[in-house]
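S.K.: Give me a model of this one.
(one chain, ligands or ions: 2)
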Amino acid sequence: MNCPACKDPMLVLEYEEVEVDYCVSCHGIWLDAGELELLFGDRAITEGFMTAGCPSHAKGEQVLRCPECLRKMQKETTGGEPPVVYDHCPNNDGVWFDQGELATVLKNGSSAQGGDQVAHWLHEMFLAEDEEAMPPDEDVEAKPSTGEA
Ligand SMILES: [Zn+2]
Ligand SMILES: [Zn+2]
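M.R.: Residues are numbered from 1 along each chain as shown. Ligands and ions are numbered 1, 2, ... in the order given. The predicted structure follows:
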């Protein structure tokens with residue numbers, strides 16, 4: 001499956017029972033229908049949270065096509081602060097989150113504490129990506145200037 005935003009092939013990552021499609025290029029995340037609920041697990045999503053936000057937040061966002069059925073996806077805005085604008089397939093194939101948005105949704109949308117577990121996993125995933133992308137630190141800055149020796 002290709003990323004709806006940049007069309008690169010996505011990686012399939014697994015978190016417990018949940019398969020997550022992840023784009024290495026733009027760091028977006030696709031969740032099949034029902035997977036968001038699985039990620040939340042036994043933590044209740046506040047009723048209506050996923051559509052509680054003001055639709056005006058979606059203004060100016062690029063229209064994306066569903067990576068499965070290629071229909072234009074609909075913009076939805078979550079409640080919470082900051083609200084997250086995400087894309088929702090009209091066929092209910094799944095939902096698309098841009099970089100970092102899923103972590104925000106998980107953090108703001110769940111009332112119970114365990115939510116941080118998934119957010120933490122996502123964070124680690126992005127962190128690992130960043131570390132891989134960065135060249136290793138050269139030892140140069142670790143040494144103090146010899147000017148005053
Ligand atoms: Zn992408
Ligand atoms: Zn679709």
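S.K.: could you pull out the strands for the chain?
M.R.: 11-15, 18-22, 29-32, 74-77, 85-88, 94-97 (DSSP state E).
S.K.: got TSV for these, with mean neighbour count, distance to Glu124 and mean pLDDT too?
M.R.: Where C-beta positions appear, they are placed from N, C-alpha and C, glycine not excepted. Output for the strands of the chain, formatted as TSV (neighbours: other CB atoms under 10 Å; distance: least, CB to CB, whole Å; pLDDT from 0 to 100):
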stretch	mean neighbour count	distance to Glu124	mean pLDDT
strand 11-15	12	11	90
strand 18-22	19	13	91
strand 29-32	23	14	94
strand 74-77	17	27	95
strand 85-88	22	22	96
strand 94-97	24	17	96
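S.K.: do you know which of those lies nearest ligand 2?
M.R.: Among the strands of the chain, strand 94-97 comes nearest to ligand 2, with 7.0 Å by CB to the ion.
S.K.: Now do that closest one: which elements does it pack against?
M.R.: strand 29-32, strand 85-88 (3 or more CB pairs under 8 Å, 6 or more residues apart in numbering; DSSP states H and E).
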